[in-house]
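Q: Sequence first, then the predicted structure, then my questions.
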Amino acid sequence: MDDVATPPADDPAGAERVARLEQVLRDERRLRDAAERKAATQATNARTWRGRAEERTERLERVVAERDVLRSERDQLRTFPGFVRYRARRPVVRTPRQTPAADPTPPAADRSAEVPTRRRPTIPTVQLATLVDRPDLRLLAAETTWTRLDEDPSGRFEADVLLVEEAALGRSDDATREAFWEWVGLDGRQPLLWVPEGPGPAPSGRTVVVGDGGLHLPATFDPADDTPVGRPGTPHDGPSHPAAHLAGFDPDDPAHVGAAARALQVTGEADPVAAGDLLRRRVWHAQSPAALARSCLAAAGLGYEPPVPEVTALVVSNRPDDLRRQVVAITAQAHPRLRVAVGCHGFSSKEVGDALAEAAARVPVEVHDLPASKSLGWCLNRVVEGVPSAVVAKIDDDDHYGPGYLVDALQAMDYSGAGVIGRVGSFTYLETGDVTVLRRPDDEEMAYEGTLIGATLVFRRSIWERSPFPHKTLAEDVGFQRGARALGEQVYVASRWDFVYRRRTSGNTWRAPDEHFLAHHRPAWEGWHPERADLPGTWQ
């Protein structure tokens, strides 16, 4: 098309045709040049997106590897054992976990690959961008959905809040520091949680200074490796982490002193277990990593109310008198969201109508009349079918459940990550001798492979949906636990407090001799005084 014949001068039609072809040539050349520019731009974009895809693939492989490690460790969990049990000389899990020795001061470049926590985030709706190295700050960040600024610089624009440690910023590369200070100077930027290295001015703008040169979790465990460091009053014989201290125990607080004296009387231990358990309750309530994360986010203008799971107390009984007492007593639980589901096994609910009405005035109550011909397992399943709550607590009609029973169970479910919580070590009242003993005092605050006391099962309803109770009257709770483990769910033993297991002279569903309950025990107190097992809590 470049060679166009020139028409004679006296041919106006030919001249017009030449002019039209020249215009077509100019248009075609312009479209060709535009197409070449677009192709070049798309090639550049393709290289950019290809690079980003490769980076995301590498990050995905790291996340998958970390997830596989966590799944492997979960089977042999050694996590946050009540903030108090010093188990350096004996395993807390039936199958001891082999923990590789870690360098206490890893290089800053390797810290980004460390797993900051073994728990799912409690505040997943908040996106946090971080530049921190300290273990306690990584634990705090892991309560949210978080990324590291040195790995993903775009996080400074996409996050809700930034958490930056001045010392970690100083150790980062020039590009990361320049990008951060450029972000600080932007108008209308997100809030900044700033952890200073020492005295000095904080970055200007929307900045919240966290701590006075350091943030230390007031707990009795080392967040660097998630291991306990000691009981109240006992010096730790190893190196101490700055985040590991017992500032929560107050010798002038009557509740603290009373709990310690009670444990000394019951267990004979100069180092009272009750004091540590009381400390755990208060620390986990107000000073756990999740609580500290919520307070920091609130200071930055992001309020977050943690979800409180609803718990249904499941009471199935064939003894009207015991059911009448228990259905009212269980409503005294301190957990704020409680329901009661009652199964009258072999008798009409009208026989206990007065107690049901009294309980219904305090909490929602659901009642089922169940035929005597059906097994206990069938009855339990029938009642759970109508339960809307996320968590179910199996309650026996003749045992004692103190006001902090469900609070402890929900805390244990939270910090252990287990789906089934119960008791093994427990106060047990033997009616034949009119004495209360402490059974198996060492079996508490631990992952467990044995059988929990059936009267203490607290479990997620989603587990029951996949593994309901077997249709039998004896050992139906054992079958449920076996099914939960077969599904990969972990079973965890909570502390001894706020529960007393009662053995009658006659009429027990499980007919075992008293000698069985006297194995591996310590004397507790004379008579039936279940209130002695109730530990003061944050609600008192």
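A: Right, received. Where do you want to start?

Q: going forward, measure contacts between C-alpha atoms and count neighbours the same way
A: Noted.

Q: Tell me where the model's unsure across this protein.
A: Scanning the chain for pLDDT under 70 picks out 1-10, 70-119, 212-276, 279, 282-283, 286-287, 505-519, 537-540.

Q: what are the phi and psi angles of the residue nearest to the spatial centre of the chain?
A: Central residue of the chain (Cα atoms, centre = their mean): residue 414, 3.8 Å from the mean position. Taking degrees, to the nearest 10, you get phi -70, psi -50 for the backbone angles of residue 414.

Q: And for residue 339?
A: According to degrees, to the nearest 10, residue 339 has phi -130, psi 160.

Q: ditto for residue 144
A: According to degrees, to the nearest 10, residue 144 has phi -120, psi -180.

Q: how about the nearest residue to residue 337, chain neighbours excluded?
A: residue 310 (4.9 Å; Cα to Cα, 6 or more residues apart in numbering).

Q: Ok, residue 177 next?
A: residue 169 (6.5 Å).

Q: Now for that neighbour, how many residues are close by?
A: Neighbours of residue 169 under the rule other Cα atoms under 10 Å: 19.

Q: before we move on, back to that, do I have it right that the residue nearest to residue 337 meets residue 338?
A: Yes - using Cα atoms under 8 Å as the test, residue 310 is close enough to residue 338 to be in contact (5.9 Å).

Q: between those two, who's got more neighbours?
A: residue 338 (23 against 16).

Q: any idea how far the more buried one lies from residue 366?
A: 12 Å (Cα to Cα, to the nearest Å).

Q: what's the answer for residue 158, then?
A: 47 Å.

Q: Which one of these two is surrounded by more residues?
A: Using other Cα under 10 Å as the criterion, residue 158 and residue 366 rank with residue 366 on top: 17 against 13.

Q: would the more buried one count as being in a strand?
A: Yes - applying DSSP: H, G, I helix; E, B strand; the rest coil, one finds residue 366 inside a strand.

Q: beta partners of the residue nearest to it when sequence neighbours are not counted?
A: In space, and not counting its chain neighbours, residue 366 is closest to residue 341: 4.7 Å by Cα to Cα, 6+ apart. Here residue 341 sits in beta bridges with residue 314, residue 366, going by DSSP bridges.

Q: got a list of what residue 341 touches?
A: Contact analysis of residue 341 by Cα atoms under 8 Å, 6 or more residues apart in numbering lists 312-315, 365-368, 383-384, 387.

Q: Mind doing that once more with 10 Å?
A: Applying Cα atoms under 10 Å, 6 or more residues apart in numbering, we find residue 341 in contact with 312-316, 327, 364-368, 380, 383-384, 386-387, 392-394.

Q: Repeat that for residue 173.
A: Counted by Cα under 10 Å, 6+ apart, residue 173 has contacts residue 150.

Q: could you measure it against residue 536, distance?
A: Residue 173 is 51 Å from residue 536, by Cα to Cα.

Q: Quick check: the residue nearest to residue 177 is in a helix.
A: Yes - using three-state DSSP, the assignment for residue 169 is a helix.

Q: and for residue 310 and residue 338, which residues touch both?
A: 389, 391-392.

Q: Next step: those restricted to strands.
A: Among the shared contacts of residue 310 and residue 338, DSSP state E puts 391-392 in strands.

Q: Tell me the most packed of the shared contacts of residue 310 and residue 338, by neighbour count.
A: residue 392 (26 neighbours).

Q: Now for residue 338 and residue 366: what residues contact both?
A: Between them, residue 338 and residue 366 share the contacting residues residue 312, judged by Cα under 10 Å, 6+ apart.

Q: Which residue, other than its chain neighbours, is closest to residue 323?
A: Residue 323 sits nearest to residue 397 (Cα to Cα, 6+ apart), 5.4 Å away.

Q: my read: that neighbour touches residue 326, true?
A: Yes - between residue 397 and residue 326 there is a contact under Cα atoms under 10 Å: 5.6 Å.

Q: Produce a ChimeraX select command limited to the buried residues of the contacts of residue 341.
A: In ChimeraX, this line selects whichever of the contacts of residue 341 come out buried by 16 or more other Cα atoms under 10 Å:
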select :312,313,314,315,316,327,365,366,367,368,380,383,384,387,392,393,394
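
Q: I'd like the shared contacts of residue 310 and residue 338 as a markdown table, with distance to residue 409 appended.
A: Below are these laid out as a markdown table (distance: Cα to Cα, whole Å):
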| residue | distance to residue 409 |
| --- | --- |
| 389 | 15 |
| 391 | 10 |
| 392 | 11 |
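
Q: so which of the shared contacts of residue 310 and residue 338 would you say is closest to residue 22?
A: Nearest to residue 22 out of those is residue 389 (Cα to Cα; 79.5 Å).

Q: what's near enough to touch the closest one?
A: Here residue 389 is in contact with 309-313, 337-339, 460-462 (Cα under 10 Å, 6+ apart).

Q: closest to residue 126 among those?
A: residue 309 (19.7 Å).

Q: Setting aside sequence neighbours, what's the nearest residue to the closest one?
A: residue 390 (6.4 Å).

Q: separation between that neighbour and residue 410?
A: Applying Cα to Cα to residue 390 and residue 410 gives a distance of 11 Å.

Q: Mind checking which of these two has more residues around it?
A: More crowded of residue 390 and residue 410, by other Cα under 10 Å: residue 410, with 20 against 13.

Q: and the helix or strand containing the more buried one, which residues are buried?
A: Under the criterion of DSSP states H and E, residue 410 resides in helix 405-416. Buried residues in helix 405-416, counting neighbours by 16+ other Cα under 10 Å, are found at 405-413, 415-416.

Q: chain center to it, what's the gap?
A: Here the centre of helix 405-416 is set off from its chain's centre by 10 Å, with Cα atoms, centre = their mean, to the nearest Å.

Q: what's that helix packed up against?
A: helix 273-286, strand 311-317, strand 391-395, strand 420-422, strand 446-447, strand 458-460, strand 491-493 (3 or more Cα pairs under 10 Å, 6 or more residues apart in numbering; DSSP states H and E).

Q: could you redo the last one with a cut-off of 8 Å?
A: helix 273-286, strand 420-422, strand 491-493 (3 or more Cα pairs under 8 Å, 6 or more residues apart in numbering; DSSP states H and E).

Q: Helices of the stretch 51-200 of the chain, start to end?
A: 108-111, 135-141, 155-158, 166-171, 174-184 (DSSP state H, counting those that start in this stretch).

Q: of those helices, which approaches residue 497 most closely?
A: Across the helices of the stretch 51-200 of the chain, closest to residue 497 is helix 135-141 (Cα to Cα), at 28.2 Å.

Q: Against residue 191, how distant is residue 424?
A: 47 Å.

Q: okay, those two: which has more neighbours?
A: Between residue 424 and residue 191, counted using other Cα under 10 Å, the more crowded position is residue 424 (24 against 21).

Q: for the residue nearest to residue 309, what are its contacts?
A: 309-311, 460-462.

Q: So residue 502 sits against residue 429, correct?
A: Yes - counting by Cα under 8 Å, residue 429 is a contact partner of residue 502 at 4.9 Å.

Q: Those two: which has the busier surroundings?
A: Set residue 502 next to residue 429 and count neighbours by other Cα under 10 Å: residue 429 wins out with 27 against 20.

Q: Pull the contacting residues for that one.
A: 435-437, 500-503, 527-528.

Q: Regarding it, what is its secondary structure?
A: strand.

Q: for it, which residues make a bridge with it?
A: residue 436, residue 502.

Q: go on, residue 525?
A: residue 436.

Q: Near it, how many other residues are there?
A: Neighbour number of residue 525 under other Cα under 10 Å is 18.

Q: Isn't it up against residue 433?
A: No - the pair residue 525 / residue 433 is not scored as a contact, 11.5 Å apart, by Cα under 8 Å.

Q: out of the contacts of residue 429, who's nearest residue 332?
A: residue 500 (15.6 Å).
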